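*Asks:* got a predicted model here, sequence first, then my questions.
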Amino acid sequence: MDTTGSADSYLGSGPSSSSSANASRLAREKNRMTLRAYLHSLMTSATIASSPVLKSFLLSGPTRLSPEEEEDAKRREEADQVREEGRRQFAAEIAARVEGLRDSVRAVKGDMVGKSKW
């Protein structure tokens, strides 16, 4: 597997990977994301989140990651950080563009009001 941590290398979409391996990786990733979302939604309920049975299930006998899984987790964290930074930059750029558009609309309105008084 490519150690650069790119999405193509992780998802196996490079030219050397087979389509069945790629489908398997994509299915696992979809399952992981679905499980993560489900657990997050469960934890929004105070009743469920405070359940001793759920806490025991989630915290007793934690799974130990293999070195390969630890490297994968590290790549995911780094990818999450890159996505978050991209999201922040995008939001800042959109906010700047919206403010520019508002200024333009104010200027046009000012021109129109100024012309109507003549």
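*Replies:* Now that the structure is in, tell me what you want to look at. Numbering: from 1, shown residues only.
*Asks:* who are the contact partners of Leu42?
*Replies:* 48-49, 54 (C-beta atoms under 8 Å, 6 or more residues apart in numbering). (Each C-beta comes from the backbone N, C-alpha and C, glycine too.)
*Asks:* so which of those is surrounded by the most neighbours?
*Replies:* Most neighbours among those, by other C-beta atoms under 10 Å: Leu54, with 15 neighbours.
*Asks:* what's the helix or strand for that residue?
*Replies:* Using DSSP states H and E, Leu54 sits within helix 52-59.
*Asks:* now that helix, how far from the chain's geometric center?
*Replies:* 26 Å (C-alpha atoms, centre = their mean, to the nearest Å).
*Asks:* not counting it itself, show me its contacts.
*Replies:* Taking C-beta under 8 Å, 6+ apart as the rule, helix 52-59 contacts 42, 48.
*Asks:* swap the cut-off to 10 Å and go again
*Replies:* When contacts are defined by C-beta atoms under 10 Å, 6 or more residues apart in numbering, helix 52-59 is touched by residues 39, 42-43, 47-49, 51.
*Asks:* where are the low-confidence patches of this protein?
*Replies:* 1-19, 21-22, 24-25, 116-118 (pLDDT under 70).
*Asks:* redo that, cut-off 50
*Replies:* 1-17 (pLDDT under 50).
*Asks:* which strands and helices sit next to the helix ranked longest in the chain?
*Replies:* With secondary structure taken from DSSP state H, the chain has its longest helix at helix 67-116. Packing partners of helix 67-116 (3 or more C-beta pairs under 10 Å, 6 or more residues apart in numbering; DSSP states H and E): helix 7-11.
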